[in-house]
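In: sequence first, predicted model second:
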Amino acid sequence: MFHSPQRAGIKLAMQAIEDVLNSRSTLTSDPIGEHRGRVPLSLMQYNGLSAALYFLRQYVDTLAPPRGG
């Protein structure tokens, strides 16, 4: 099955959001880019990412399949 670049990009974004939600935390970095540890997501961040994932799922299902072959 072939996917459009738009659909592939949305699927990649969805996977990234799912990974963050599944870990319920994210890495923080200091100014020089070294990872210092994990910080839990706030309830607002978690709910916002969950909502974004929901709407991305709805949107990706509305995309027409690519034409041609």
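Out: That came through, no problem.

In: the bottom helix or strand of the chain by mean pLDDT?
Out: For the chain, the helix or strand with the lowest mean confidence is strand 25-29, at a mean of 58 (criterion: mean pLDDT, DSSP states H and E).

In: does Y46 touch L21 like I think?
Out: Yes. In this structure, Y46 is within contact of L21 by CB atoms under 8 Å, at 6.8 Å. Placement of C-beta: from N, CA and C, glycine included.

In: what sits in contact with each of those two?
Out: Common neighbours of Y46 and L21 are not found (criterion: CB atoms under 8 Å, 6 or more residues apart in numbering).

In: per-residue pLDDT, P31?
Out: Among the per-residue scores, P31 shows a pLDDT of 61.

In: just R36 next, same as before
Out: According to the prediction, R36 has pLDDT 58.

In: next one: M1
Out: The predicted structure scores M1 at 48 on the pLDDT scale.

In: and T62, what helix or strand is that in?
Out: Using DSSP states H and E, T62 sits in no helix or strand.

In: how many neighbours does A16 have?
Out: Taking other CB atoms under 10 Å as the criterion, the count of residues near A16 is 12.

In: how close does it sit to L49?
Out: Look at A16 and L49: by CB to CB, to the nearest Å, they are 10 Å apart.
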